[in-house]
Every structure is written in C-alpha cells, then in structure tokens.
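Undergrad: Task: produce atomic coordinates for the following.
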Amino acid sequence: MSRPGSRNELSGRNLKVKVKTGKGRTVSQKIWLERQLNDPYVIEARKLGYRSRSAFKLIEIDDKYSFLKPGMVVVDLGAAPGGWCQVSAKRVRADEGRGRVIAIDMHGMDPIPAVTIFKKDFLDEDAPKLLMDAIGGRKVDVVLSDMAAHATGHRQTDHLLIMSLAEAGLDFACQVLEQGGVYLAKVLRGGSEGEMLKRMKKNFSNVRHLKPMSSRDDSAELFVLATGFRG
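TA: Coordinates of the predicted model:
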C-alpha cells in the first residue's frame, strides 16, 4: 500500500487554536472542532476555495497516477460537499467544454461551475439510469466513489456498510466504464473486501490500495484504485 502525496510544509504547523467547552458543546464536539480549526488541510482548503479537505486526497492520488485528463467524462458518487467535483472539473477542463463531470449525492450541494449535480441517493433503484441518461449514452472514463455511510460506532458494522457502497459503485462502474477506464473508491480496513478485490482484479489490469498523506493517520479509511478496465 502506497501513500501518495506529501505533507511538506502543511505538516509542520503546530496546533494553535484552543476551543473551550461550554456554549452547549460536549467534550467530543470540542475535540472535533479543535481538530478542524487546526487541521492544515482544512486551512489550505479554505485558502484555495475547495469545499472540503478531501479534495487533497484526490489531488494527491491523481498527481501520482495521472488518470484525470482533459476531455474525460467523470461520474462522482457521494459527491457532497463537492471537493472531488471541483478537482475533477478542473483537471478534465469541464469549464472549457472539453470534459464532463456528473455528480450525485443524497445531500444537497451548492452548484459548481461545469458540473451536473443530482440530489439523490445512489442506492435508489432508478439512480444508475438517471446518471446514464445524463451521460447521454456514451461510456465513462472515470468513476469516483467517496461514499460513506453514517457511522454507527461499531467498527465491523461501519466497515461492512462502506464496503457495500464501494461494491455498489463497482457494479455501476462495470456497466458504464470505457475500456481502459478507472474506478477509485473509499474503503475501510476490516478484512471483508476479498470478494470485491477479486472482482476488481478480474475486470481491471491494476488494483492498488492507497492512503494519501492528507488522510488522517488515525483514520481507518483507505482508497482502492482500479485502472485499465478490461471492458
């Protein structure tokens, strides 16, 4: 498993902002808010206009493997709040009319220039057809899935929920990808991904586990990147 990207100067900043309890905050809320206020990727995302720190995860992975290219069609599953859409639209030159980005999420998203957004649960029965109609019948170059279920606090349950979303994304990717296409999905460590990886290795020429530097060290999240769809 590789860790694309570099924390460079971002990692050198010490925590500066302290949050007090009170004002209706619990201790866990205080800890979360303090981490957000002092997270260098959150700070950098605000500075650069990205909607989420997760934008840097996609940037790091694509900087290393270069799968987002001008003119491509990208489908972003679980897209809110839109950080991955922003990165994808820029790299496929959607704003120039060269590429396209279609996004779906059950939560609402503010509009993003040159991105088609659907507010809908990807697991709804009619969601895949909605996306394919938006694509206009052509094949897709890249399917991204940053989908995540609401955490239950039970590690194995959370793992199974995220894996089921990644598998649903894989089913869709295998329907719509162009030969040579790419599927990138968030997963969690947990040991139940064997069947999905077996399917990926059958349908793609390369499958890699990745943990970008912008992914927090204490997070169980990983990303699986499958390239070279066999069609």
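Undergrad: Can you list the buried residues in the host helix or strand of G228?
TA: Using DSSP states H and E, G228 falls within strand 221-229. Under the neighbour-count criterion of 16 or more other C-beta atoms under 10 Å, strand 221-229 has E221, L222, F223, V224, L225, A226, T227, F229 buried. The way it works is simple: take the backbone N, C-alpha and C, and place the C-beta from them, glycine included.
Undergrad: hey, C-alpha coordinates of that strand in CSV?
TA: Below are the C-alpha coordinates for strand 221-229, written out as CSV (Å, rounded to 0.1, in the frame of the first residue of the first chain):
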residue,chain,number,x,y,z
GLU,A,221,-10.0,4.8,5.6
LEU,A,222,-8.1,3.6,2.5
PHE,A,223,-8.7,4.1,-1.2
VAL,A,224,-8.7,1.4,-3.8
LEU,A,225,-7.7,2.5,-7.3
ALA,A,226,-8.5,0.1,-10.2
THR,A,227,-7.1,1.1,-13.6
GLY,A,228,-7.3,-0.4,-17.0
PHE,A,229,-10.9,-1.6,-17.2
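Undergrad: ok, A149 - contacts?
TA: For A149, the contact set (C-beta atoms under 8 Å, 6 or more residues apart in numbering) comprises D158, L161, I162, L165.
Undergrad: nearest to R100, of the residues you listed?
TA: Closest approach between those and R100, by C-beta to C-beta: L165, at 23.2 Å.
Undergrad: Please give the element, helix or strand, for the closest one.
TA: Applying DSSP H and E, one finds L165 within helix 155-176.
Undergrad: helices or strands next to that helix in the packing?
TA: Applying 3 or more C-beta pairs under 8 Å, 6 or more residues apart in numbering; DSSP states H and E, one finds that helix 155-176 contacts strand 73-77, helix 127-135, strand 140-145, strand 177-188, helix 194-203, strand 221-229.
Undergrad: Check A149 and give its pLDDT.
TA: Looking at A149, its pLDDT is 72.
Undergrad: what do you get for Q86?
TA: 97.
Undergrad: which stretch of helix or strand covers it?
TA: helix 83-91.
Undergrad: what sits up against that helix?
TA: Outside helix 83-91, the residues touching it (C-beta under 8 Å, 6+ apart) are 45, 49-55, 58-59, 62, 68-70, 74, 76, 79, 94-95, 99, 101, 103, 109, 112-115, 117, 142, 144, 146.
Undergrad: Would you mind checking these for buried ones?
TA: Buried among the contacts of helix 83-91 (16+ other C-beta under 10 Å): 45, 50-55, 58-59, 62, 68, 74, 76, 79, 94, 99, 101, 103, 109, 112, 114-115, 117, 142, 144, 146.
Undergrad: Contacts only, for the spatially most central residue of the chain.
TA: Centrality entry for the chain: nearest residue to the mean C-alpha point is D146, 3.1 Å, by C-alpha atoms, centre = their mean. For D146, the contacting residues are S54, D76, L77, G78, A79, W84, A185, K186, by C-beta under 8 Å, 6+ apart.
Undergrad: quick check, nearest of these to E195?
TA: For those, the nearest to E195 is A185 (14.2 Å; C-beta to C-beta).
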